[in-house]
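Asker: 3D, please:
(one chain, ligands or ions: 2)
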Amino acid sequence: MAESGPLYLGFDLSTQQLKGVIVDSQLKHKHEAKVDFDADLGEKYGIEKGVLTNPSEGEIYAPVGMWLEAVDLVLSRLREDGLDFSRVKGVSGAGMQHGTVFWSQQAENLLSSLDAKKSLVEQLEPSAHKDERKGAFSHPDSPNWQDSSTQKQCDKFDAELGSPETLADVTGSGAHHRFSGPQIMRFKAKYPEHYKETSRISLVSSFLASVFLGKFAPIDISDVTGMNLWHIKEGKWNEKLLALVAGGEDGVAELKHKLGHVPEDGGASFGHISKYFSQRYGFAQDCNVIPMTGDNPATILALPLQASDAMVSLGTSTTFLMSTPQYKPDPAYHFMNHPTTAGLYMFMLCYKNGGLAREHVRDAINGNKTDRSWDKFNEIALSTPPMDQKSSSDPMRMGLYFPRPEIVPNVRAGQWRYEYDSSSNKLNQTSAEQSVDADARGIVESQMLSLRLRSANLVSGHEVNGEKLPPQPRRVYLVGGGSANPAIARIIGDVLGGAEGIYKLDIGGNACALGGAYKAVWGCERRGKQTFEQLVEERWDEDAFVKRVADGYRPGVFEKYGEALKGFAAMEKEIVKSTSEGATTTGGVFMKNEHGQGAKN
Ligand SMILES: Nc1ncnc2c1ncn2[C@@H]1O[C@H](COP(=O)(O)OP(=O)(O)O)[C@@H](O)[C@H]1O
Ligand SMILES: O=C(CO)[C@@H](O)[C@H](O)COP(=O)(O)O
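Answerer: Ligands and ions are numbered 1, 2, ... in the order given. A predicted model of the protein is given here:
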């Protein structure tokens, strides 16, 4: 008998891919499809790893037309996968954070009168088809989160409210190159005519929601906190920061109009799907468009995350995410509104040097041949003792591994190695040129020590079998490509702990698109004031959805890494200081110190 019952669609529009995942009301994964920008559309749009670059100005951006083409393509792939679109009752999802899309004056007319026989890109971005007709965008490109062209604007943002600390207190973050406020400010200065012609500025998430809605969709309550423009505690735009972007108070009303109203409820439907999608693909006419959010906020929705649980996303970048009722902002990290639950926040650390840096070490260990296997890396990582300390009288060995300029801490690209004697608290820099074998464990330890250092204030003690454990996450959940690696999971447990252990999401698809699909379920099926957490917990199938992949807290080992933390913090300080003294130009961007007036990646 054919299956019936509602289905929900979640998207993840990220740097390199558009993924679509279908779940049912019980959160069970049913279908998925993806478009890989390089493989499917790379030649046509001239992109590499999903983006175009202008290194002389530190610019990284993506053509919006390519994303539109990907939307039609991913839906046709879902159809090929057997999806019955008439059962889809809700659409939500995520977009990579911070990116902006600039709509033209005729955009809403075009969005609401799409012809189902033609593609989205033909009608909304004719320039992508070399047609000179005016399209729906005042500029064809969207700045990417890896862009670092906004140093001047970041300096002004950090100064505007008095200090980076105050900016972080108000908006949840100090100024960062990729954040939308500094990006819009630069766009206005570089393209004044395009800015004037802009009727609406969307984030990547609200851009995608607008396409499905057939009119402008508001910016989401969580994603808005990745802009450096939203006063988190007051729940409204910060007028001073808007004036900074607009070039004076006179421009504030116009900018506010371009940004639009931000609704508080992350679950309230924006309305029914545009008829383009019901006519072309057969979506139910009453399918709801639920607010789409940022990729990181959507990722925390893939699990019924409890306070003191942590998620480590081991993708291209490494991100560390926690859902917490505490609001303790600092310019070194980010606090954002929780995407579904008022009174909760998302704590986030974001590193550019994640998977790529680990791959560098893997390739060096494999002799830089064509072997891309992780076997040798894993074997060496597990046979190396914690901190490469063969006996307790040996110093601990540690380092920083940054093939790209890093966000946390804010330093230029480079590699540094140190020895640390915890009994005398002595730190010595050693040669960067040494055997790469110790780096297999070393790079994972280094990345995890950085997470432990910065999340220490947010974790608490736990009692397991009557025994009181030191402050650490209750569970650590791994997501992203690197979560497949058992050796990495084991070392993460050693360094970060985890009172109940290390877990991995065991459902198909990816966490971010799944979180988006769950958000659609919640938006459409919640009863009264039922929170997202209550709904997901009620339908959660622990045995089917997650898998315990490694031990967490190991007595003695966790404490040893606690000792290493002091040396690690001192090492970072020394590197930040030495790199800011000899300020270096990396990729056309002037890099300086962590909290001062230097670059914020
Ligand atoms: N077995 C593995 N061990 C370690 N890293 C892995 C493994 N499999 C994939 N990866 C890493 O996962 C990363 C890609 O993760 P993914 O979540 O797909 O990326 P994105 O963030 O772009 O969506 C790559 O850096 C790759 O090296
Ligand atoms: O900038 C941030 C978070 O602040 C990044 O996490 C981007 O949001 C990453 O996007 P993808 O890796 O999904 O492309």
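
Asker: Which stretches in the stretch 501-601 of the chain count as strands?
Answerer: 501-505, 546-550, 584-586, 589-591 (DSSP state E, counting those that start in this stretch).

Asker: got it, and the stretch 151-300 of the chain?
Answerer: Listed in chain order, the strands of the stretch 151-300 of the chain (DSSP E, counting those that start in this stretch) span 200-203, 230-231, 236-237, 288-289, 293-294.

Asker: partners of the third one, with directions?
Answerer: Same thing as strand 236-237. Using DSSP bridges, the strands paired with strand 236-237 are strand 230-231 (antiparallel).

Asker: and what of the first one?
Answerer: When pairing is defined by DSSP bridges, strand 200-203 lines up against strand 100-103 (antiparallel).

Asker: chain center to the helix or strand immediately after the strand it pairs with in the chain, what's the gap?
Answerer: Note on strand 100-103: by DSSP states H and E, the next helix or strand toward the C-terminus is helix 107-112. Relative to the centre of its chain, helix 107-112 is centred 29 Å away, using Cα atoms, centre = their mean, to the nearest Å.

Asker: ok so, going back, by mean pLDDT, show me the worst of the strands of the stretch 501-601 of the chain.
Answerer: Mean pLDDT per stretch puts strand 589-591 lowest among the strands of the stretch 501-601 of the chain, at a mean of 28.

Asker: Now do the closest residue to ligand 2 within the stretch 151-300 of the chain against Trp416, distance only.
Answerer: Closest contact between the stretch 151-300 of the chain and ligand 2, by Cβ to the nearest ligand atom, is at Asp295 (4.3 Å). No exception for glycine: its C-beta is placed from N, CA and C like everyone else's. The gap separating Asp295 from Trp416 is 30 Å, by Cβ to Cβ, to the nearest Å.

Asker: Around ligand 1, pick out the residues from the chain.
Answerer: 14, 16, 315-316, 355-356, 359, 374, 480-482, 484-485, 488 (Cβ under 6 Å from any ligand atom).

Asker: Let's see if you can find the most crowded of those residues.
Answerer: Ile488 (28 neighbours; other Cβ atoms under 10 Å).

Asker: what helix or strand is it on?
Answerer: Per DSSP H and E, Ile488 falls inside helix 486-496.

Asker: can you state the direction angle for that helix and strand 501-505?
Answerer: 130 degrees (axes from the mean of the first three to the mean of the last three Cα atoms, to 10 degrees).

Asker: Which positions in helix 486-496 come out as buried?
Answerer: For helix 486-496, burial by neighbour count (16 or more other Cβ atoms under 10 Å) applies to Ala487, Ile488, Ala489, Arg490, Ile491, Ile492, Gly493, Asp494, Val495, Leu496.

Asker: what does that helix contact?
Answerer: Helix 486-496 is contacted by residues 310, 312, 314, 358, 374, 377-379, 381-382, 386, 441, 444-445, 448-449, 451-452, 472-473, 476, 478, 482-483, 501-502, 504, 549-554, 557-558, 561 when judged by Cβ atoms under 8 Å, 6 or more residues apart in numbering.

Asker: Any figure for the gap between the spatially most central residue of the chain and Gln16?
Answerer: Compute the mean C-alpha point of the chain, and by Cα atoms, centre = their mean the closest residue is Asn296, 4.1 Å away. Counting by Cβ to Cβ, the gap between Asn296 and Gln16 amounts to 16 Å.

Asker: again, but for Glu537
Answerer: In this view, Glu537 and Gln16 are 32 Å apart by Cβ to Cβ.

Asker: Apart from its neighbours in sequence, what residue is nearest Leu255?
Answerer: Ala246 (4.4 Å; Cβ to Cβ, 6 or more residues apart in numbering).

Asker: Just to check, the one you found is in contact with Val252?
Answerer: Yes: Ala246 is within contact range of Val252, at 5.3 Å (criterion: Cβ atoms under 8 Å).

Asker: which parts of stretch 549-566 are buried?
Answerer: Buried residues in stretch 549-566 (16+ other Cβ under 10 Å): 549-554, 557-558, 560-562, 564-565.

Asker: Neighbour count for Asp295 and Trp416, which is higher?
Answerer: Per other Cβ under 10 Å, whichever of Asp295 and Trp416 has more neighbours is Asp295, with 28 against 20.

Asker: Now for Ala62: which residues touch it?
Answerer: Thr15, Phe37, Ile47, Gly50, Val51, Leu52, Gly99, Asp141, Ser142, Asn144.

Asker: Give me the mean pLDDT for the helix or strand hosting it.
Answerer: Assessed by DSSP H and E, Ala62 sits inside strand 59-63. The pLDDT scores in strand 59-63 average 96.

Asker: close to ligand 2, is the helix or strand following that strand?
Answerer: Counting by DSSP H and E, the next helix or strand C-terminal to strand 59-63 is helix 64-80. No: between helix 64-80 and ligand 2, judged by Cβ under 6 Å from any ligand atom, nothing touches; the nearest distance is 12.2 Å.

Asker: so what secondary structure elements neighbour helix 64-80?
Answerer: Judged by 3 or more Cβ pairs under 8 Å, 6 or more residues apart in numbering; DSSP states H and E, the packing partners of helix 64-80 are strand 7-13, strand 17-24, strand 29-36, helix 42-45, helix 120-124, strand 141-143, helix 204-213, helix 275-281.

Asker: Quick check: neighbours of the first one in the sheet, parallel or antiparallel?
Answerer: For strand 7-13, sheet partners with direction are given as strand 17-24 (antiparallel), strand 88-95 (parallel), following DSSP bridges.

Asker: Mean neighbour count, distance to Leu321 and mean pLDDT added to the ones you listed, as a markdown table?
Answerer: Formatted as a markdown table, these follow (neighbours: other Cβ atoms under 10 Å; distance: least, Cβ to Cβ, whole Å; pLDDT from 0 to 100):
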| stretch | mean neighbour count | distance to Leu321 | mean pLDDT |
| --- | --- | --- | --- |
| strand 17-24 | 25 | 19 | 97 |
| strand 88-95 | 29 | 13 | 98 |
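
Asker: For Ala2, find the nearest of those.
Answerer: strand 17-24 (13.6 Å; Cβ to Cβ).

Asker: contacts for that closest one?
Answerer: So strand 17-24 is contacted by 5-12, 29-37, 50, 67, 70-71, 73-75, 77-78, 83, 88, 93, 508-510, 512-514, 516-518, 521 (Cβ under 8 Å, 6+ apart).

Asker: From the contact counts, what lies against the top helix by length along the chain?
Answerer: Among the segments of the chain that qualify as a helix by DSSP state H, the longest is helix 557-581. Judged by 3+ Cβ pairs under 8 Å, 6+ apart, the packing partners of helix 557-581 are strand 396-402, strand 414-421, strand 426-430, helix 437-455, strand 467-472, helix 486-496.

Asker: Report the buried residues of the third one.
Answerer: With burial defined by 16+ other Cβ under 10 Å, the residues of strand 426-430 counted as buried are Leu427.

Asker: Stretch 32-41 now?
Answerer: By 16+ other Cβ under 10 Å, the buried positions in stretch 32-41 come out as Glu32, Ala33, Lys34, Val35, Phe37, Asp40, Leu41.

Asker: Could you pick out the buried ones from the contacts of strand 17-24?
Answerer: 6-12, 29-35, 37, 50, 67, 70-71, 73-75, 77-78, 83, 88, 93, 509-510, 512-514, 516-518, 521.
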